[in-house]
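Student: sequence plus predicted model, see below.
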Amino acid sequence: MRNKIVIVPLGEIDYILVNRLASSLASFFNFNLEILQGLELPKEAYNEKRGQFYSTVILSKLELLKSDDHERILGITEEDLYVPTLNFVLGEADPESKVAIISLFNLKQDYSSIMASEPVYFDRIFKEAVHELGHTMNLHHCPNPKCVMYFSQTIDDTDRKGKRFCDNCQRHITLV
Ligand SMILES: [Zn+2]
């Protein structure tokens, strides 16, 4: 059975972008790709004090959509995500359930609030999607700053890293 990535748009989102991401990921991984109908973000994931959504709570909801073990779920949202130990996260993945999510919120602009050009914005989205999906293939953070598995603490880290897995990460990809 062929591996599959199922993209789940969450909340209001640019569907042209979602489609473009889907076809880029399909050719990068050589997996089947499906885009599910958009869903609302789970209300219980929203933290009113922080004005952000708790990504781990969303992951547990996305896991329920999985139909078999060859599937990887990738949620995508324009909302700001967090985990309690960090101010924000660009994404999160659960390697066990092979479910991941990315947020576009912090990818649109840099820290001086300059909006990214369209190609830069799309590259960031692609890299963060590949990064989180990499975690669902048993990859950990990589010390190579050019590798897509390098942990981005800032958007500059994302811009500096490449779109691919380094040779070492490539060797450690586990699909089942
Ligand atoms: Zn690497």
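Tutor: Done, it's in. Everything quoted here is computed from the prediction, not taken from an experiment. Residues are numbered from 1 along each chain as shown.

Student: what are the buried residues along the helix or strand of the chain with the lowest mean pLDDT?
Tutor: Lowest mean confidence among the helices and strands of the chain (mean pLDDT, DSSP states H and E): helix 155-160, at a mean of 93. Buried positions in helix 155-160, judged by neighbour count with 16 or more other C-beta atoms under 10 Å: 155, 158. (Each C-beta comes from the backbone N, C-alpha and C, glycine too.)

Student: relative to the whole chain's centre, how far out is that helix?
Tutor: Here the centre of helix 155-160 is set off from its chain's centre by 15 Å, with C-alpha atoms, centre = their mean, to the nearest Å.

Student: residues in contact with the next helix or strand after it?
Tutor: Next helix or strand after helix 155-160 toward the C-terminus (DSSP states H and E): helix 167-172. The contact list for helix 167-172, computed with C-beta atoms under 8 Å, 6 or more residues apart in numbering, reads 134, 138, 139, 142, 144, 147, 148, 149, 164.

Student: just the buried ones from these?
Tutor: 134, 139, 142, 144, 147, 148, 149.

Student: for those, which two are the farthest from each other?
Tutor: Within the buried ones among the contacts of helix 167-172, 134 and 144 form the most distant pair, 12.7 Å apart (C-beta to C-beta).

Student: and for those two, which residues touch both?
Tutor: Common contact partners of residue 134 and residue 144 (C-beta under 8 Å, 6+ apart): none.

Student: farthest residue from the center of this structure?
Tutor: In the chain, the residue that sits farthest from the middle, by C-alpha atoms, centre = their mean, is residue 49; the gap is 24.3 Å.

Student: re the thing from before, report all helices and strands that the least confident helix or strand of the chain contacts.
Tutor: On a contact count with 3 or more C-beta pairs under 8 Å, 6 or more residues apart in numbering; DSSP states H and E, helix 155-160 meets helix 118-135.

Student: ok, the helix it packs on near the ion or not?
Tutor: No - Helix 118-135 lies apart from the ion when judged by C-beta under 5 Å from the ion; the minimum separation is 8.5 Å.

Student: list the residues that contact residue 84.
Tutor: Neighbouring residues of residue 84 by C-beta under 8 Å, 6+ apart: residue 54.

Student: and it, how close does it get to residue 57?
Tutor: Applying C-beta to C-beta, to the nearest Å, the value for residue 84 to residue 57 is 11 Å.

Student: could you do residue 176 as well?
Tutor: Here residue 176 is placed at a distance of 27 Å from residue 57 (C-beta to C-beta).

Student: can you pull the phi/psi pair for residue 7?
Tutor: When read as degrees, to the nearest 10, the backbone of residue 7 gives phi -90, psi 130.

Student: so it touches residue 38, yeah?
Tutor: No - contact criterion C-beta atoms under 8 Å: residue 7 and residue 38 do not qualify, at 10.1 Å.
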